[in-house]
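J.: Next come a sequence and a model predicted from it.
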Amino acid sequence: MANNYYTGERAEIKIDGKTYELPIVVGSEGEKAIDIRTLRDQTAYLAFDNGYANVGSCVSKITYIDGERGILSYRGYGIADLAENCTFVEVAYLLTHGSLPTREELSEFSGMLNRFAMIHEDMIRFFDGYPPNSPPMAILSSMVNSLCSFYPEMTANPREDIDEMSARLISKVRTIAAFSYKNSIGHPVVYPRHDLSYCANFLNMMFDSPVKPYEINHKVVSALNKLLILHGDHEQNCSTSTVRMVGSARVNLYASVSAGISALWGPLHGGANQAVMNMLEEIHAGGGDFRRYVEKAKDPKDSFRLSGFGHRVYKTHDPRSWIIKQTCDEVLADLKSPDPLLSIAKELEEAVLKDDYFVERNLYPNVDFYSGIIYRAIGIPTSMFTVMFALGRLPGWIAHWKEMWDESDGRISRPRQIYIGPLSRPFVPIDQR
């Protein structure tokens, strides 16, 4: 990548009476950063930021977020435009290739997804080896990692075959997820069909059965497309940074994504919409008194926190939340299946947005607040919610892995630490301890 993000501006830092200059980096949206890569060499000091909230680990052309203004864009396209006008496959192409596909490119990419939709029959036997009630994310991570064994030619020259490897992964993860669900409920797997779109195919593999054929509902397919698009990428979050860091060791794409799936599995990252559903169900079971939970959240002596509100990056409305809320209304109206949890969610949202306590703390609904209600309406169990997150995030992980591979200087990621342990201690033999 050409270093055209260096403008010649310099920042000065004074340490022990001596002044040092460090270059300033400016992003395409005007965001500024201080390049501290020479800080230690110049000063013998490290920069310390526990959790990396104020450190840019890379430069990237993929996703832009402005948390203060509630802006999210992929490759320069606003998230609302993409969700309204594109399919997930188009956005997957955009993220992994850098531009929206032409009709010919979309046809070729869709053909690759169809061609790679099957998984090796030996992989299907893996499902029998997992104990009952195994965590779906554990299964997904290990199954994705096992793709390295079934397609070793894809790992020998990973950058050379990246387009094929990307399409293979995007297609097969969908199949693995659906097969995992079928196995968990003791039903026979449903193989992918070449006459269905990406999302319709997934839904058919999830819910079709020999005794009750699944009827494709285009409203549901559209909703799933939007949900996956909205989860497509979100800059340097925990799982994406994991993919980039693992990939910096020149690990193949399958293993890197497997690591990202494991990071996403953490309840502080990928389990938020599941927590929202648990909270709404608890409120409903308690008679629907959402106001009591609002007060609990405001009580400093109570450990309860409202799930689905607030975001590490956004200091205003999450731009994805509006789209999901509207989609939720459309899906439930089309399915003619009113959900009492939706009513509770709307009342809870209204109460929070009118309460200065939450407004002053920038606690607005985020992408997770309504997404679980949509998944529940179309039949996806709570245990699969994080798997759905992974399915949507997959193109973003691939895009970041490609970018890291192409545009890094070949150095492995290696953060430093500030050691606060004991000083040098004399060794004590075991019989004297």
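T.: Received, thanks.

J.: Return the residues in contact with the closest residue to Ser180 other than its chain neighbours.
T.: On the basis of Cβ to Cβ, 6 or more residues apart in numbering, the spatially nearest residue to Ser180 that is not a chain neighbour turns out to be Ile139, at 5.0 Å. Where C-beta positions appear, they are placed from N, C-alpha and C, glycine not excepted. By Cβ atoms under 8 Å, 6 or more residues apart in numbering, the contact list for Ile139 reads Phe127, Tyr130, Ile176, Ser180.

J.: phi, psi of the last one?
T.: What that stands for is Ser180. The phi and psi torsions at Ser180 (degrees, to the nearest 10) take the values phi -60, psi -40.

J.: Quick check: it touching Val387?
T.: Yes: under the criterion of Cβ atoms under 8 Å, Ser180 lies in contact with Val387, with a separation of 7.5 Å.

J.: residues shared between the contacts of the two?
T.: In the contact map built from Cβ under 8 Å, 6+ apart, the residues linked to both Ser180 and Val387 are Pro136, Leu140.

J.: Compare those two (neighbour count), which wins?
T.: Neighbour tally, Ser180 and Val387, criterion other Cβ atoms under 10 Å: the higher count belongs to Val387, 25 against 22.

J.: Okay, and that one sits in which element?
T.: Assigned by DSSP states H and E, Val387 falls within helix 385-407.

J.: how far does that helix sit from the chain's center?
T.: The chain centroid and the centroid of helix 385-407 are separated by 7 Å, computed with Cα atoms, centre = their mean, to the nearest Å.

J.: same deal with stretch 363-376?
T.: Mean-position distance between stretch 363-376 and its chain equals 14 Å (Cα atoms, centre = their mean).

J.: looking only at pLDDT, what's the mean for it?
T.: The predicted model gives stretch 363-376 an average pLDDT of 93.

J.: got it, and stretch 141-158?
T.: In this model, stretch 141-158 carries a mean pLDDT of 85.

J.: May I have the phi/psi pair for Ile15?
T.: Ile15 has phi and psi values of phi -130, psi 130 when expressed as degrees, to the nearest 10.

J.: hmm, back to that, pull out the buried residues from the helix holding Val387.
T.: Using 16 or more other Cβ atoms under 10 Å as the test for burial, helix 385-407 gives 385-405.

J.: and it, C-alpha only, in CSV?
T.: Taking only C-alpha atoms (Å, rounded to 0.1, in the frame of the first residue of the first chain), the coordinates of helix 385-407 have been written out as CSV:
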residue,chain,number,x,y,z
PHE,A,385,-27.6,-17.1,17.0
THR,A,386,-23.8,-16.7,17.3
VAL,A,387,-23.4,-19.2,14.4
MET,A,388,-25.6,-16.8,12.3
PHE,A,389,-23.3,-13.9,13.4
ALA,A,390,-20.3,-15.9,12.1
LEU,A,391,-22.0,-16.7,8.8
GLY,A,392,-22.6,-12.9,8.2
ARG,A,393,-19.1,-11.9,9.5
LEU,A,394,-17.3,-14.4,7.3
PRO,A,395,-16.7,-12.2,4.2
GLY,A,396,-15.3,-9.5,6.5
TRP,A,397,-12.9,-11.9,8.0
ILE,A,398,-11.8,-13.0,4.6
ALA,A,399,-11.4,-9.5,3.4
HIS,A,400,-9.2,-8.6,6.3
TRP,A,401,-7.1,-11.7,6.0
LYS,A,402,-6.5,-10.9,2.3
GLU,A,403,-5.7,-7.3,3.1
MET,A,404,-3.3,-8.3,5.9
TRP,A,405,-1.6,-10.8,3.5
ASP,A,406,-1.3,-8.3,0.6
GLU,A,407,-0.4,-5.1,2.4
